[in-house]
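Asker: Provided below are the primary sequence and the corresponding predicted coordinates.
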Amino acid sequence: MLGLIINILVMSGLLYGLATVLPGVRIKSFGTALTVSLLYGVLNYVLFWLLALIAFIPMMLSFGLFGLLINAFLLWLTDKLIEDFEIPSIGITILMALLLTVGKFVLRALL
């Protein structure tokens, strides 16, 4: 349970930090970042494996890099579901998904 709370807080911090660095990305507050983190985590947990199963051939042909597009889609879906969270373009969405993935990997290695 503590690991889940730490994961949510780390993801929220990453989201909030990326929103301040990336052009056009808007998160109203850290509370919104917590909400985005929770919803993105739930969508990732529920939909990622289903979408990866549906896109099995592109996932295999790209050595898993197609998963980045699935993560970007889930981030875009989160953007559409939360009013106080806005990503201006698909390019920024893909970049943010990439940076979130790398950031989570690095922070997990450190923790």
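Answerer: Thanks, I have the structure now. Numbering: from 1, shown residues only.

Asker: ok, now how distant is Lys28 from Leu81?
Answerer: 14 Å (C-beta to C-beta, to the nearest Å). For every residue, glycine as well, the C-beta is placed using N, CA and C.

Asker: now swap in Ala19 and tell me
Answerer: In terms of C-beta to C-beta, Ala19 sits 16 Å off from Leu81.

Asker: who has more neighbours, the two?
Answerer: With neighbours defined as other C-beta atoms under 10 Å, Ala19 and Leu81 compare such that Ala19 has more, 20 against 13.

Asker: The residue lying closest to Arg26 once chain neighbours are set aside - how many residues pack around it?
Answerer: Excluding the flanking residues, the one nearest Arg26 by C-beta to C-beta, 6 or more residues apart in numbering is Glu86, at 4.3 Å. Per other C-beta under 10 Å, the neighbour tally for Glu86 reads 14.

Asker: cool, and Ile5?
Answerer: 9.

Asker: and it, how far is that from Phe63?
Answerer: Distance from Ile5 to Phe63, by C-beta to C-beta: 33 Å.

Asker: how about whatever helix or strand Asn7 lives in: buried residues?
Answerer: Using DSSP states H and E, the element containing Asn7 is helix 2-21. For helix 2-21, a neighbour-count test (16 or more other C-beta atoms under 10 Å) marks Asn7, Val10, Met11, Ser12, Gly13, Leu14, Leu15, Tyr16, Leu18, Ala19 as buried.

Asker: pLDDT-wise, what's the bottom of these?
Answerer: Across these, no position has a lower pLDDT than Asn7, which has 81.

Asker: Now do the contacts for that residue.
Answerer: With contact set as C-beta atoms under 8 Å, 6 or more residues apart in numbering, Asn7 has these partners: Gly41.
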